[in-house]
Structure formats: structure tokens, C-alpha cells
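Peer 1: Here's a sequence, model it:
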Amino acid sequence: MLRFNILASVVPLAVAAVFARGEFSSQSRPCIEVAGTTVQIATLSWQAQRHVSFTSDPTRATVRVQISDSAEAADFTVIDDIDTIEAGACESHAPPRLVAISRNPSPSDPVIYLSRDGPADYRIFVSSKSFSLLDAAALIVGARGERHRVEAASL
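Peer 2: Numbering: from 1, shown residues only. Reported below is the predicted structural model:
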């Protein structure tokens, strides 16, 4: 009976630990490295330090991302033709900055308008089995950090 009680108390703790880390599968999530910092799509929204959302209304957007037809014309390019992601491709010594795609954004979250037409803050080109256009746009906007008002600060 004591063994059953121990087992009954350990199993929920193990499940809670897996849930807290958000690692339900070994499948890797899209990630990029920018200036020594890894930026990755979060498994669970509540884990993310940064949230972004998408809109189909250009007047609601705070960031415009254009889908480019060529890698040469893009600011951010993702090209892969592999079925599996290379082990350790986005590993770093620091924990990754997690970005989540939110359906209910807060007023401070970037709202992305993704289109094939300009003007745009960023241009992306994606030809990938592991990245979607939404993933690429979310990562580049999530990696950029806050905009600095240099013009307002300089005299």
C-alpha cells in the first residue's frame, strides 16, 4: 500500500514538471539566432516573453511584413530542404527568448500585417519545411525588441 501511495504522489509531480517546461514532444520549434540570442516560437503562450499577433486589416497593424518573391530582396530569409532539423542548430548558453503568436493581443503587443505588397518594415522570404510564413514573421518581429526613439532623444 505504501508503494502505491508513493507512486500516486510521484506521477502527478512528474506530469506537472513536464507541463511546466512545456516539453510535450521532442519536436523542435522554429528558432533563429540574432546577435548571440536565440529567439524561438514558444510551445505554450504563457511561457513567452514576447507576444505578437496578426491582422488582415493594414490599419490595425503596428508592423508590416512583406512576403518577398526572392531571397535577395528579403531582410530575413529561411531556406531549407531537409526533413529533420540539425541537432543543436539554435543552442546557446543563455535561455532562448520565447515568442508566442497570440489571438488576443494586449495593446502593447506588435500586430503584424503580412502581405505580398509594400510598404513594409521587414521583407521575408521563406522556402522551408520547418518554418511557416507566420513563424518567420513572428520570429523577426519578436527578435527586433523595442524600437528606440533615437530621433526624439538626439538634439
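
Peer 1: any idea whether the closest residue to residue 115 other than its chain neighbours is helix, strand or coil?
Peer 2: Of all residues not flanking residue 115 in the chain, residue 66 sits nearest, at 6.4 Å (CB to CB, 6 or more residues apart in numbering). C-beta coordinates here come from the backbone N, C-alpha and C atoms, glycine included. Assigned by DSSP: H, G, I helix; E, B strand; the rest coil, the conformation of residue 66 is strand.

Peer 1: give me the number of residues near residue 66?
Peer 2: Other residues near residue 66 number 22, with proximity taken as other CB atoms under 10 Å.

Peer 1: Thought residue 123 was touching it, still the case?
Peer 2: Yes: with contact defined as CB atoms under 8 Å, residue 66 counts as touching residue 123 (4.7 Å).

Peer 1: Would you mind listing the residues in contact with the residue nearest to residue 115?
Peer 2: When contacts are counted by CB atoms under 8 Å, 6 or more residues apart in numbering, residue 66 is found next to 115-120, 122-124.
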